[in-house]
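Enquirer: would you be able to build a 3D model of this:
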Amino acid sequence: MTAALASSNVSILSSAGSTTSGSGNIYVNDTVSWSANTLTMTAAKDIVVNAVMTASGTSVLALNPGTANGADAAVT
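Expert: Modelled structure (predicted):
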């Protein structure tokens, strides 16, 4: 993800996972650092951050938990 953010904005949707019967959660389990561009995470349920995320410079982090996306209905 760090490499992708170096050159463009990145959007992650819980509905874009490889498991059609997933929980609607997004998990960040590895370190992410970036200094430009926007990382947007949209999850039908929760966004769970288990690693250090470092956003510096002009970078932006947008978190949208509990939000319908794709085939995932919002879970509240």
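Enquirer: for the protein, which spans come out with low pLDDT?
Expert: Under the criterion pLDDT under 70, the flagged ranges of the chain are 17-21.
Enquirer: my guess is residue 56 meets residue 35, correct?
Expert: Yes - the pair residue 56 and residue 35 qualifies as a contact (C-beta atoms under 8 Å) at a distance of 4.8 Å. Yep, even glycine has a C-beta here, placed from its N, CA and C like the rest.
Enquirer: residues in contact with residue 65?
Expert: By C-beta atoms under 8 Å, 6 or more residues apart in numbering, the contact set of residue 65 is 43, 45-47.
Enquirer: which of the residues you listed sits closest to residue 73?
Expert: residue 45 (9.8 Å; C-beta to C-beta).
Enquirer: can you confirm the closest one is in a helix?
Expert: No - counting by DSSP: H, G, I helix; E, B strand; the rest coil, residue 45 falls outside a helix, being coil.
Enquirer: quick one: contacts for it?
Expert: 14, 23-25, 65-66, 75.
Enquirer: the closest residue to it other than its chain neighbours: what secondary structure?
Expert: Counting by C-beta to C-beta, 6 or more residues apart in numbering, residue 24 is the residue found nearest to residue 45 once chain neighbours are left out, at 3.7 Å. Under three-state DSSP, the three-state class of residue 24 is coil.
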